[in-house]
Structure formats: structure tokens, C-alpha cells
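**Q** need a structure here:
(2 chains)
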Amino acid sequence: MNMFEFFQALFQYEFLQKALFTSVVVGVICGIVGCFIILRGMALMGDAISHAVLPGVAISYMLGINFFFGAVITGVLTAVGIGYVSQNSRIKHDMAIGIMFTSMFAVGIVIITMMKSSADLYHILFGNVLAVRMSDMWITLGIGVLVIGLVVIFYKELLVSTFDPTMAQSYGLPNKWIHYALMAVLTMVTVASLQTVGIVLVVAMLITPAATAYLLTNRLSVMIYLSAALGIVASVFGLYFSFTYNLASGATIVLVSAFLFAMAFFFSPSQGLVWKAHKSRRNRLELMRK
Amino acid sequence: MERALKIDQLYVSYLGNQVVKDITFSVEKGSLVGIIGPNGAGKSTMMKAVLNLIAKDKGEVEVFGEPLKKWKKRIAYVPQRSDIDWDFPITVFDVVLLGTYPNLGLFKRPSKADRKWAHECLKTVGMDAFSNRQIGELSGGQQQRVFLARALAQNAELFFLDEPFVGIDVASEETIIHILRDLKNEGKTILVVHHDLSKAESYFDHLLLLNKNMIQYGASEEVLQPEVITKAYANQFSFLQTKGVNVTS
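**A** The predicted structure follows:
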């Protein structure tokens, strides 16, 4: 199937429209939030929080409430737990992350297995974008609007507290609350991404587009737009490959994203390995000629 | 003379050890004060505790007779170079613009006038030609000048600088000390953590000599007396004496 046929199918099938819309929103919000996650050195934390929503999602299913609530609660609890363990013992931050998130993840798996619905577990872990329901779409859109709104309103505060937390604190910004607010946003983004990429691969959507943008610009504002755009590109093409070749959508979206990163890694005008090697080779040749 | 800063019985501990003990001094408005002492004397720790950046065990800090909280936005802090992520995607100009943030309300973005002011501050430190560079592309001295420009942009009344002269070139050091003197002459109050004794007298009009405890606070020439200095640097001096260096003069 070529791109043209994909677009035809897009007009034809409502499920595909919903899938595309949801993946694009997820691409945008993961791209935006990811920028702050990587610049704060919290890539691993992103991985942890995204996994830690599993028990919350499972319990919500069991209680028959929207999994949004359960996910945010267990996600934030895990963030608090990680902070508590690493600040009150000799356990380092990365150790605390490793312990807490795997434990939470295991709790989630136990609960879901007890519920005897392994099909659901599979979809939560790996996503199933072609089965997006109307209600999921609205939740994703709602989270998207909230995240973009928060970043626009608090851009200044996010920038200072990320670049120079000491300055932020000295003039009275509540760094700690900004951190936990970001963790709460992170859990919401994970929930929004459950359908498209699933829990296991959310972290790729958070980190890869942002890291790609990081290699391409020297301005945070540009980095955020670029990262969101890369998220969209990965989502659209990923969905195309998923639909065309009947592959898991999470995997194809992440692979497109990884491909874009590889291109930036080798060919970025300022940071690309290829240009760097070329430049140093030229300099060496010039020196030899002298 | 008006009193800009008053520190009363400041105690700070780090991982259960007391690293700053019983510091009491006050600084008059328009002073340029150097905080000196050997490595590990708690100079930076004390500065951070004064600014409430780390918890203190005990102690009062007053700014112009009021609690520090009221003056937070009028205090500019220049961190140690090692505290900054130099790969951060931010340009020189945008770093300086951060200086205008404390005095902007929530939801407010820097105005045209703020941007113009930030540009002037960048000019003052002689870095306006580097406006669009990424901050990590500059030399150490240039970076320090940019951070001083950021402090200027804050329109602060008090300036706290943590080791601004470490690892920088002579020209930048001269530019910085020149600007600090100008600030002092405008009536601003400046505290600088500094480790190089040789220039302490020419740079600062007052010195605070620390070695965990407060050794002495006063006019530079009073503090830089051999018998006073020896109290703080006793360990190093006995080491020097074993090497045959005479320091008692």
C-alpha cells in the first residue's frame, strides 16, 4: 500500500481517523514534555513514572473508574517514594528509581493477572492505537490542551528552574512543587500515550524526539517546537507503517522516531558526527599543506 | 550609614557535621565585601545559607532591617561555574534576559523595554557581540561576565557572587572587578566568595575571614594582618613551615 492508499483509507475508516488524531496529539505532548524531562536530567525518571502507572491503571479497571485517576495517583506516589528513599538513605537516585518502578510495575502485573485478562495487559503494555475509542480520544485531547496550556503559562518559570534551579530558588520559585507538578504531568502524558505506544515504549516518545531536537538547536523555544514536530512525524509515519504492514503501532512509531534521531546524530549541522569528522579532516589537510 | 545586611549567629551543618559555626556580622550599604578562608572553610555554604538556598540550623538574616523574604527579588546571586549545565540550549542574550524574570509577574513575558535593558547589561560587561552564541561556546571568563550581566539585569540592591574569579582570564577579571566597583559606588552592596588572598586587599574594602568559625570581620587592611590570617590558615602554615617557609614575619 502506498501513501495515497493510506490517505484514502483515512477518509474511509473512522477508526483510522481517531487513531491518527490521537497519535498526533500524543506526539505533540510527549515532544513538549520530553524537552523538560531530558534537560532536567530525568530521562530515567520518565521511564520509571511511565511504568509505575500500571498498578493505577489496573486498579481503575477493577473499580470501573477511568484509569486516568488511578494512573496519576500511583505515578505521583512513585515519584514521591523515589525522592523519599534517595534523600533519606545512602541509596542513590538511580538505585531508588530502579527499585521503586520495577516494584510498582510488578504489582500492576499481579493485579492484572488476577483479573484474568491478559489481552488487556498486552494492550496496556504495547498500545493498540487502532482500537482507540471516542472517550480515549477526548481524554487524550483534554490532557493535550492542559499540558500545552501549562507550558505556555509557566514557560518562564520552567525555563529558569530547569537551567538554573539555584537562581530560581533564590528569587522565590517553589522548585520542589515545580518538580512534582512535572511528575504529575508526566503521568498524565503516559496515560494519554497508553493507547498509541503503550507503557513500555512511552519513554521513547518522551526522550527520542526531544533528544533529536536538542541536537539541532541552541534555543529552548525552538527545541520545543521541533520536538513536537518530530513527534508528529513519527506518529503519522509510524501509524502508516503499522496500518500497512499490520505491525504493532507502538513499535513502528518508536522506530520512525529512532530513525529521525539517527539522522540528526550523524547529519546535524552543528552537532552531527559526519560534519564534525569532515571538518577536522579538512583542518588536518590544510595544516599538512602549509 | 544604613545597614544592608545583618547576620546573627548563623550555624549550618552538612551531613551531620557543623561546617559553619556562629557567624555574626553586618554589612553597611555600599560595601564591597570579600569572603575569604581556606578550602573547606564553608565560604560557599555560608553564602547559600544566608540566601536560604540550603537549610540552616540556627541564625537570623536581616536585609535592610527586614526579613530576607521581602528582599528576595532584589538580591542577585551568581552561582559557581560548576553549578551550571553549559550544554543547555540557551543563548547568551537569553541568559541575561533571565535576570529580568524575578521582577516580572506570573504570566508576564519580558517586554521590549526589558529586552533593551538586558542588551544594555550585556554591553556593560562587553559581551554584546556574543549575543546569539550558545552559552557553552564561550570561555570561562566570558561566561562569568554573562552571568554578571544577568545579575545587573535584575536591578538588584544586593549582589552575591560565588567564586567569580576561578578559572578566568585576566581581562575578564579586570572587567568584573571594575563593574563591581561601579556598583559599589552606586550604593549597591556586594558580597564575593574569594580564595585568592594576594588580591583580597586591592579588590575589597571589607573582608570576612572564615574557617568554619568566624575569625574576623572588618576593613581589609585590619583582617589581612599576619596574626589574624594565621588563625584561619594555621594548618597550611604549619605545613609551609615544615617545608622551611617562614610565615611569622
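
**Q** got the residues of chain B near chain A?
**A** Taking CB under 8 Å from any CB of the partner chain as the test, the list of chain B residues beside chain A reads B:51-53, B:69, B:72-73, B:75, B:77, B:79, B:83-85, B:88-91, B:94-95, B:98, B:101-102, B:104, B:106-109, B:134. Where C-beta positions appear, they are placed from N, C-alpha and C, glycine not excepted.

**Q** burial check on residue A:284, number of neighbours?
**A** Residue A:284 is surrounded by 10 other residues when neighbours are defined as other CB atoms under 10 Å in any protein chain shown.

**Q** element containing it, please.
**A** Taking DSSP states H and E as the criterion, the element that holds residue A:284 is helix A:273-289.

**Q** packing partners for that helix?
**A** Under the contact criterion of 3 or more CB pairs under 8 Å, 6 or more residues apart in numbering or on different chains; DSSP states H and E, the helices and strands touching helix A:273-289 comprise helix A:249-267.

**Q** please report the distance of the most centrally placed residue in chain A from residue A:43.
**A** Most central in chain A under CA atoms, centre = their mean is residue A:206, positioned 2.4 Å from the mean C-alpha point. For residue A:206, the distance to residue A:43 (CB to CB, to the nearest Å) stands at 8 Å.

**Q** which neighbours do the two share?
**A** residue A:37 (CB atoms under 8 Å, 6 or more residues apart in numbering or on different chains).

**Q** for the residue of the stretch 1-150 of chain A found nearest chain B, which residues are in contact?
**A** Here the residue of the stretch 1-150 of chain A nearest chain B is residue A:39; by CB to the nearest CB that distance is 6.5 Å. With contact set as CB under 8 Å, 6+ apart, residue A:39 has these partners: A:162, A:163, A:214, A:220, B:85, B:88, B:89.

**Q** 6 Å instead?
**A** Shown in contact with residue A:39 (CB atoms under 6 Å, 6 or more residues apart in numbering or on different chains): residue A:162.

**Q** isn't residue A:227 up against residue A:211?
**A** No - using CB atoms under 6 Å, residue A:227 and residue A:211 do not qualify as a contacting pair, with a distance of 8.6 Å.

**Q** show me what the helix or strand hosting residue A:230 is packed up against.
**A** Using DSSP H and E, the element containing residue A:230 is helix A:220-245. Secondary structure elements in contact with helix A:220-245, counted by 3 or more CB pairs under 6 Å, 6 or more residues apart in numbering or on different chains; DSSP states H and E, are helix A:14-39, helix A:198-214, helix A:249-267.

**Q** what residues of the longest one count as buried?
**A** Along helix A:14-39, the positions that meet the burial threshold by neighbour count (16 or more other CB atoms under 10 Å in any protein chain shown) are A:16, A:18-20, A:22-39.

**Q** do stretch A:163-177 as well
**A** Going by 16+ other CB under 10 Å, stretch A:163-177 has these buried residues: A:163, A:164, A:165, A:166, A:167, A:168, A:169, A:170, A:171, A:173.

**Q** cool, and stretch B:25-37?
**A** Taking 16+ other CB under 10 Å as the criterion, stretch B:25-37 shows B:25, B:27, B:29, B:30, B:31, B:32, B:33, B:34, B:35, B:36, B:37 as buried.

**Q** quick one: residues contacting the last one.
**A** Under the criterion of CB under 6 Å, 6+ apart, the contact list for residue B:37 reads B:43, B:209, B:210, B:211, B:232.

**Q** filter those down to the ones in helices?
**A** Secondary structure assignment (DSSP state H) places B:43, B:232 from these within helices.

**Q** quick one: which of the contacts of residue B:37 is nearest to residue B:115?
**A** Within the set of the contacts of residue B:37, residue B:43 lies nearest residue B:115; the separation is 35.2 Å, counting by CB to CB.

**Q** what is the neighbour count of the closest one?
**A** Residue neighbour count, defined by other CB under 10 Å, stands at 25 for residue B:43.

**Q** quick check, it in contact with residue B:195.
**A** No - in this structure, residue B:43 sits apart from residue B:195 without contact. The criterion is CB under 6 Å, and the distance is 7.8 Å.

**Q** helices or strands next to whatever helix or strand residue A:148 lives in in the packing?
**A** Element membership of residue A:148 [criterion: DSSP H and E] is helix A:134-153. Using 3+ CB pairs under 6 Å, 6+ apart as the contact criterion, the elements in contact with helix A:134-153 are helix A:14-39, helix A:175-193.

**Q** okay, the ones you listed in CSV with mean pLDDT and distance to residue A:88 next?
**A** Shown next, in CSV, are the helices and strands packed on helix A:134-153 (pLDDT from 0 to 100; distance: least, CB to CB, whole Å):
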stretch, mean pLDDT, distance to residue A:88
helix A:14-39, 93, 24
helix A:175-193, 89, 15
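
**Q** which one of those lies closest to residue A:285?
**A** Put simply, out of those the one that sits nearest residue A:285 is helix A:14-39, at 36.4 Å, with distance taken as CB to CB.

**Q** quick one, the closest one and helix A:220-245 angle?
**A** Helix A:14-39 runs at 140 degrees relative to helix A:220-245, counting by axes from the mean of the first three to the mean of the last three CA atoms, to 10 degrees.

**Q** thank you kindly, that will do.
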